[in-house]
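In: Structure for this input, please:
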Amino acid sequence: MALEHVLAVVPVTDIDTANAWYEAFFGMPATNNPMPVLVEWKVADFGWVQVTVDEARAGSTLLNFATDDLDAQVTELASRGIVAGEIVDANKGVRLSTTTDPDGNTITLIGGFRVDY
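Out: Next comes the predicted model:
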């Protein structure tokens, strides 16, 4: 199997509210707006986050983003009005901070992530 991209899908109840929140979270407007109920951000070379209206599933998504500087990322988010939770030590040098979007989808920022533990 040859995969070209990985797309994480975030279900929301209101696309306009979600679009504004994710613009603040990512610090940029959506990369694409392919249809009225879908906006998407290219967040890595082959990784995308799609935000789409799906009222039945809204609030049930878990997204994890690894960052090279968790403290700086949490501070930057705060400057854009996104409040991330307290940074906590997880295990083996990994640290976490969690926030939620307006629908309750959970986004966890990971510091100290590595491929091999």
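In: drop to CA atoms for contacts and neighbour counts, all remaining ones
Out: Noted.
In: tell me which element A66 is part of?
Out: strand 62-67 (DSSP states H and E).
In: What strands line up against that strand, and which way round?
Out: strand 106-111 (parallel) (DSSP bridges).
In: Can you name the next helix or strand after the strand holding A66?
Out: Next helix or strand after strand 62-67 toward the C-terminus (DSSP H and E): helix 70-79.
In: what's the offset of that next one from the middle of its chain?
Out: On the basis of CA atoms, centre = their mean, to the nearest Å, helix 70-79 sits 14 Å off its chain's mean C-alpha point.
In: For it, name the packing helices and strands.
Out: Counting by 3 or more CA pairs under 8 Å, 6 or more residues apart in numbering; DSSP states H and E, the packing neighbours recorded for helix 70-79 are strand 95-100, strand 106-111.
In: Distance from the chain centre to the last one, please.
Out: What that stands for is strand 106-111. For strand 106-111 - counting by CA atoms, centre = their mean - the centre lies 8 Å from the chain centre.
In: longest helix anywhere in the chain?
Out: helix 15-26 (DSSP state H).
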